[in-house]
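Chemist: Just a sequence and a predicted model for now, questions to come.
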Amino acid sequence: EVQLVESGGGLVQTGGSLRLSCAASGFTFDDYAIGWFRQAPGKEREEVSCSSTNDGLTYYADSVKGRFTISRDNAKNTMYLQMNSLKPEDTAVYYCAAETVVPGGNRIHYWGQGTQVTVSS
């Protein structure tokens, strides 16, 4: 069974830090690009950050650049999102995701269940 299980969310004050973790199982984690998305109340889900498999390419949304860091530990089948200098506008449900492209061009995409991050002002 494929699973992505997030942890590490919670309530933090403005300027604080949190580290989200996402443990993967049921698929070959090394073969998948990883990403973090978030959805605030009344807003569409947005991509926060993503990272390719093994070539080190990363992307950050402008709103989090310089404050958030995505990483992965393939030995532990786990991805992380280190969030520093948090702002109230970072409040959202955060989702981890993993994606690969199989021969033929089809994409396989998995989602975590989401974890709430609340930043108080």
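Modeler: Structure received. Remember, it's a predicted structure, so these values are computed and weren't measured experimentally. Numbers count the residues shown, from 1 in each chain.

Chemist: Any figure for the gap between the residue nearest to residue 15 when sequence neighbours are not counted and residue 75?
Modeler: Of all residues beyond its chain neighbours, the one nearest residue 15 is residue 85 (6.0 Å), with distances taken as CB to CB, 6 or more residues apart in numbering. For every residue, glycine as well, the C-beta is placed using N, CA and C. Residue 85 sits 29 Å away from residue 75, going by CB to CB, to the nearest Å.

Chemist: Point to the residue nearest the middle of the chain.
Modeler: Residue closest to the mean C-alpha point of the chain, counted by CA atoms, centre = their mean, is residue 36 at 2.3 Å.

Chemist: In which helix or strand does that residue reside?
Modeler: Take DSSP states H and E as the rule and residue 36 turns out to sit in strand 33-39.

Chemist: Which neighbours in the sheet does that strand have, and how are they oriented?
Modeler: Here strand 33-39 is paired, per DSSP bridges, with strand 46-51 (antiparallel), strand 92-101 (antiparallel).

Chemist: Need the residue in this protein that's farthest from the chain's center.
Modeler: residue 104 (26.7 Å).

Chemist: Tell me the secondary structure at it.
Modeler: With DSSP: H, G, I helix; E, B strand; the rest coil as the basis, residue 104 sits in coil.

Chemist: what's it in contact with, if anything?
Modeler: Neighbour list for residue 104: empty [criterion: CB atoms under 8 Å, 6 or more residues apart in numbering].

Chemist: Also residue 82?
Modeler: Residues near residue 82 by CB under 8 Å, 6+ apart: 17, 19, 68-69, 71.

Chemist: Just name the shakiest helix or strand of this protein by mean pLDDT.
Modeler: For the chain, the helix or strand with the lowest mean confidence is strand 107-111, at a mean of 94 (criterion: mean pLDDT, DSSP states H and E).

Chemist: Can you name the element that comes right after that one?
Modeler: Once strand 107-111 ends, the next helix or strand along the chain (criterion: DSSP H and E) is strand 115-120.
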